[in-house]
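# this is a predicted model, with the sequence first.
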Amino acid sequence: MRLKKEIPVIDQGDKLGFWGGKFGGNFVPETLKKPIEDLETLFNKLKKDKKFINERDKYFKNWVGSPTRFIKLENLTKHVGGAQIWSKVVSDANGGAHKIYNATVHCLLAKRSGKKIICGDTGAGYAGKMLSMAAKKFGLKCKIFMGAKDIQRQRPNVRAIKKNGAEVIPVYSGSQTLVDAVSECMRYWVANCDKVAMCVGSTVGPAVFVRICGWSTSQISRELKTQLFDEFGSIPKKLKLYNCVGGGSSSFGFWNEFMDYNKKQCEFIGVEAGGPAKSKKHAAPLTYGSKIGILHGAAQYVNQNTDGQIEETESISAGLDYPGISPLHCFLKDTKRARYTAASDEEALNAYKLVTKFEKLRPSLEPSHAFSVAIKESKRFSKDTVIVVNSCGDAYKDRGIIEKRLGKKYV
Amino acid sequence: MSNPISHAFKKAKKENRPALLTYTVAGDSSKKQSLEILKSISKKVDIIEIGIPHNTPVADGSQIQTSSYRAIKNGIKVNDIFNIVKNFKKFDNNKPIILMGYYNMIFQFGENVFLKNCKISGVNGLIVVDLPWPENKKFANKCKKKSIFFIQLLSPTTTKDRLKMIIKDSHEMIYFISMLSTTGGKLKVSSKEILSNYDKIKKINSKKNVVIGFGITEKTIKSLKKADGLVVGSAICKEITNSIKKRQNPVTNVYNVVNRLRNKIK
């Protein structure tokens, strides 16, 4: 298995949509073959179309708000001692997280295809919130599928989705979290694919959805590259990019533009959700060596039992609480381009405490996982090492959990 | 030796009626009871489909999901399913059995070991919901070598060129999904429209036995009588759920439903 240079990773899949010959693909019911093929044709055409790219950039700039800030965390750096700790504050983006990029592109595609309704899944509620925002902006009707458990624990985002005029459809099957929301959304699309466009909320699902999402979130690394040149005059000799990994959309987008750099110069560290320290359940299939299986149309490393039933996950962060992982990350792991590890619920909470104590930054529980590992490893690096953590979500949505776990003063 | 599935279609044709196919989930509501249900309906059914329950089924509606979750909760494993088939075949060796499921269950078992177990237990056909053509070519060939039919699925969204290619690669039986829906959806298109799509498939190759499934209930079955075969699944799963709710015996209740279905297409 080899990662090629000078070809975007999203385009390195084979004819059937497999990366490295075994990750991804299209394990879908026959009914979805045609709509997926149509979407593929449309996307392949438009991603080469200058007019479309200009349109995308216009919305990214004026509506999403680009670039998001790239800041040095001076106090945290001093406190930790070791490498310089920086952050790309992607939560500056309209709506408060990176999910806006994928949502915007999917709505633009839906418009081009003539569909008037768009459906999507959500875990933390960000993908749903952003899709409802973008749908409103582009005049599309919107349906959001969300696990009943997630509706309970991410209320601020649920309110936002409804305020944008979208319908929230609670999913009561299985573990009532993201995995079930994605299944239910796909089922809805199976039954309505003639009139409805589907947006998969991360770099997961059938191959074309993985590609569209990766293409969209790559905006993050395009901005960062320019910002690094502005700040340092070149790409730092020792650069380390930390990102949390659930489905894998923000991390892939955070790394994409740096793919061709030698990993000694530019290392990628993906942090999965390890779950509660005392629990055996987790959402870290790459860290804990889960086997390859099929989930939501794609082959990937996935938490499952020996029979092939998908296993329930557990994580304090709804956005990372997913048993599978993007085929792109499976590919980056097996080609050894990226390194993956996990942080527990408690470690993420501690990192949140530390970051908010020293900086004017409130990373949500998802990026708090990445901060946890970045802070831990930073101590052993030299001062000329540049660590960048993608703060890809804002903690506003986590108020309830943070208050309960850490007390009111941290909200 | 030809496949019993072909016999079943021939027999139904001789009697001038469509073959009746039923779908129940293995292990619903328990391993023992699901076998009892199969035994009780056997005489009224031409081909038996047994679902391999999976907990992230992307093409199944709420009825089959409920049955699947119930079966998994009650501890069903893939090996138990082969035992159910084996025991059923001891009871009625000539009745064809088709296993229907999602690819991950086969993938984890190992394609070759899975097929070997199919052969030993007496499985005659396989439907893999999320392994479409052309991805399924290799596996379909492996099935053929073991004289197990790999049953291709066709849908109203399947383009004409694709229809031709899939039919060309198909074995003797084809499954046509009546409408855009998950299983158990209400029939939202007219039977006329379904049959016109069905005719298009038959026109490409009249020798293939084409069954229609999705949305078929006691109410709708008669209107589609002209097909080679008709599959009823969710309506039966729903009956099991209702029987449990009402504390009645699912075995007799399911038998009654199947009996009525059969009488409607006599």
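Ah, there it is. Quick caveat, the model's predicted, so the values are computed rather than measured.

# going by C-alpha atoms from here, please, whenever you check contacts or count neighbours.
Fine.

# residue in chain B nearest to chain A?
Nearest to chain A in chain B, going by Cα to the nearest Cα, is residue B:181, at a distance of 3.7 Å.

# tell me the pLDDT of that residue.
We have a pLDDT of 94 for residue B:181.

# got it, and residue A:124?
87.

# I figured it hits residue A:322, correct?
No: judged on Cα atoms under 8 Å, residue A:124 makes no contact with residue A:322 at a distance of 10.8 Å.

# for the stretch 101-250 of chain B, what lies in contact range of chain A?
B:103-105, B:107-109, B:129-133, B:135, B:153-159, B:180-182 (Cα under 8 Å from any Cα of the partner chain).

# can you flag the buried ones in the residues you listed?
B:103-105, B:107-109, B:129-133, B:153-158, B:180-182 (16 or more other Cα atoms under 10 Å in any protein chain shown).

# show me the shaky parts of the stretch 1-150 of chain B.
Under the criterion pLDDT under 70, the flagged ranges of the stretch 1-150 of chain B are B:1.

# helices along that one, start to end?
B:4-14, B:31-41, B:62-73, B:78-91, B:103-109, B:111-121, B:137-145 (DSSP state H, counting those that start in this stretch).

# what about the first one, distance to the chain center?
To tie it back to what came earlier, the one meant is helix B:4-14. 16 Å (Cα atoms, centre = their mean, to the nearest Å).

# contact residues of the stretch 1-150 of chain A facing chain B?
Counting by Cα under 8 Å from any Cα, the stretch 1-150 of chain A sits next to chain B at A:16, A:27, A:28, A:29, A:30, A:31, A:32, A:33, A:34.

# pretty sure the third one is touching residue A:205, no?
In other words, residue A:28. No: using Cα under 8 Å, residue A:28 makes no contact with residue A:205, being 9.4 Å away.

# which residues are in contact with both of the two?
Taking Cα atoms under 8 Å, 6 or more residues apart in numbering or on different chains as the criterion, residue A:28 and residue A:205 both touch A:296, A:297.

# if you count surrounding residues, which of the two has more?
A direct count of neighbours by other Cα atoms under 10 Å in any protein chain shown for residue A:28 and residue A:205 places residue A:205 higher, at 30 against 25.

# helix or strand for that one, which one?
Counting by DSSP states H and E, residue A:205 is held by no secondary-structure element, helix or strand.

# now do the contacts for it.
A:24, A:295, A:296, A:297, A:298.

# can you select the buried ones from those residues in ChimeraX?
Per 16+ other Cα under 10 Å, the buried members of the contacts of residue A:205 correspond to this ChimeraX selection:
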select /A:24,295,296,297,298
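
# the host helix or strand of residue B:174 versus helix B:4-14: what angle between them?
Take DSSP H and E as the rule and residue B:174 turns out to sit in strand B:173-177. For strand B:173-177 against helix B:4-14, the angle by axes from the mean of the first three to the mean of the last three Cα atoms, to 10 degrees is 70 degrees.

# name every strand pairing with strand B:173-177 and say which way it goes.
Next to strand B:173-177 in the sheet, as set by DSSP bridges, lie strand B:152-154 (parallel), strand B:209-213 (parallel).

# quick one: the helix or strand following the shortest one to helix B:137-145, angle?
In this case it means strand B:152-154. Sequence-wise, the next helix or strand downstream of strand B:152-154 (DSSP H and E) is helix B:160-169. On the basis of the same axes, to 10 degrees, helix B:160-169 is oriented at 30 degrees to helix B:137-145.

# what helices and strands are in contact with helix B:160-169?
strand B:152-154, helix B:191-204 (3 or more Cα pairs under 8 Å, 6 or more residues apart in numbering or on different chains; DSSP states H and E).

# can I get it in CSV, CA atoms only?
Extracted in CSV, the C-alpha atoms of helix B:160-169 (Å, rounded to 0.1, in the frame of the first residue of the first chain):
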residue,chain,number,x,y,z
LYS,B,160,-31.3,0.2,-18.7
ASP,B,161,-27.7,-0.5,-19.5
ARG,B,162,-27.1,-1.6,-16.0
LEU,B,163,-30.1,-3.9,-16.1
LYS,B,164,-28.7,-5.7,-19.1
MET,B,165,-25.3,-6.2,-17.6
ILE,B,166,-26.7,-7.4,-14.3
ILE,B,167,-29.2,-9.8,-15.9
LYS,B,168,-26.4,-11.2,-18.0
ASP,B,169,-24.3,-11.9,-14.9
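
# about what we covered before: now the strand holding residue B:174, how far from the centre of its chain.
Counting by Cα atoms, centre = their mean, strand B:173-177 comes out at 10 Å from the chain centroid.

# now stretch A:317-329
Distance of stretch A:317-329 from its chain centroid, counting by Cα atoms, centre = their mean, is 8 Å.

# how far away is the residue minimising distance to the centre of chain B from residue B:230?
Most central in chain B under Cα atoms, centre = their mean is residue B:49, positioned 3.8 Å from the mean C-alpha point. Taking Cα to Cα, to the nearest Å as the measure, residue B:49 falls 12 Å from residue B:230.

# mind listing the shared neighbours of these two?
Counting by Cα under 8 Å, 6+ apart, the residues touching both residue B:49 and residue B:230 are residue B:21.

# how about the helices of the stretch 101-250 of chain A, start to end?
A:126-137, A:148-153, A:155-163, A:178-192, A:207-217, A:219-232, A:249-255.

# okay, those in CSV with mean neighbour count next?
Formatted as CSV, these follow (neighbours: other Cα atoms under 10 Å in any protein chain shown):
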stretch, mean neighbour count
helix A:126-137, 27
helix A:148-153, 20
helix A:155-163, 19
helix A:178-192, 25
helix A:207-217, 26
helix A:219-232, 17
helix A:249-255, 29
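
# residue 17: what's it in contact with?
Defaulting to chain A. Residues counted as contacts of residue A:17 (Cα under 8 Å, 6+ apart) are A:24, A:25, A:26, A:207, A:208.

# oops, wrong one, chain B.
By Cα under 8 Å, 6+ apart, residue B:17 lies in contact with B:225, B:226, B:228, B:265, B:266.

# residue A:180 now?
A:147, A:171, A:173, A:174, B:56.

# which one of those is nearest to residue A:337?
residue B:56 (30.5 Å; Cα to Cα).

# and for the closest one, the neighbour number?
Residues near residue B:56, counting by other Cα under 10 Å: 24.

# ok, the residue nearest to it when sequence neighbours are not counted to residue B:137 distance?
Nearest residue to residue B:56, sequence neighbours excluded (Cα to Cα, 6 or more residues apart in numbering or on different chains): residue A:183, at 6.4 Å. Distance of residue A:183 to residue B:137, computed by Cα to Cα: 26 Å.

# repeat for residue B:17
32 Å.

# now do residue B:230
From residue B:230 across to residue B:137, the span is 25 Å (Cα to Cα).

# and those two? Which one has more around it.
residue B:230 (26 against 16).

# of all the helices and strands packed on helix B:160-169, which gets the most neighbours per residue?
By mean neighbour count, with neighbours taken as mean count of other Cα atoms under 10 Å in any protein chain shown, strand B:152-154 ranks first of these at a mean of 27.

# residue ranges of the strands in chain A, please?
Secondary structure of chain A (DSSP state E): strands at A:18-19, A:23-24, A:69-72, A:84-89, A:117-122, A:141-147, A:167-171, A:196-199, A:239-244, A:266-275, A:292-295, A:298-301, A:338-344, A:386-390.

# now do the second one: distance to the chain's middle.
When you say that, I think you mean strand A:23-24. 17 Å.
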